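Chemist: Got a predicted structure plus its sequence, pasted below:
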Amino acid sequence: MVINKWLINTSAGESKLQTRAYDNYNEAEVTSEICKAKPQQKHCLIEWVVRDRWPHKERWVYDWRRRYCHTIRWADHCPAPTPDTNNFASEMECLDQCSGWA
């Protein structure tokens with residue numbers, strides 16, 4: 001369950017705390033086993049030396065052994081990774097999903 005809290009201003013000029021809780025069923029759960037596995041699609045990883053020649057997106061992968069997230073370059077011709085893989089859109093998302101397991 002996710003709980004969001006925020007302040008809203010009422011028409012009378014007062015600030016009021018509003019809370020909304022909802023179940024988040026569509027998000028895949030990242031487990032420690034997922035955080036230990038590297039991306040399997042090696043053909044989608046662009047090496048640093050040729051990064052200027054291939055269109056790509058920078059993504060983040062958790063390194064279980066060293067306990068940090070590092071940047072990878074994901075080829076544009078590959079499909080977007082599924083949410084239940086060790087392949088994240090930002091460093092913050094990577095740390096949020098995997099650093100608690102390590």
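Modeler: Ah, there it is. Numbers count the residues shown, from 1 in each chain.

Chemist: is it fair to say Asp96 lies in a strand?
Modeler: No: checked against DSSP: H, G, I helix; E, B strand; the rest coil, Asp96 lies outside a strand; its state is helix.

Chemist: Need the three-state assignment for the residue nearest to Leu45 when sequence neighbours are not counted.
Modeler: Once flanking residues are discounted, Leu45 sits nearest to Ile72: 5.9 Å by Cβ to Cβ, 6 or more residues apart in numbering. For glycine as for every other residue, the C-beta is placed from the backbone atoms N, C-alpha and C. Under three-state DSSP, the three-state class of Ile72 is strand.

Chemist: Ile72: how many residues sit nearby?
Modeler: Neighbour count of Ile72, defined by other Cβ atoms under 10 Å: 20.

Chemist: so what's it up against?
Modeler: Applying Cβ atoms under 8 Å, 6 or more residues apart in numbering to Ile72 gives the contacts Pro39, Leu45, Glu58, Arg59, Trp60, Val61, Asn87.
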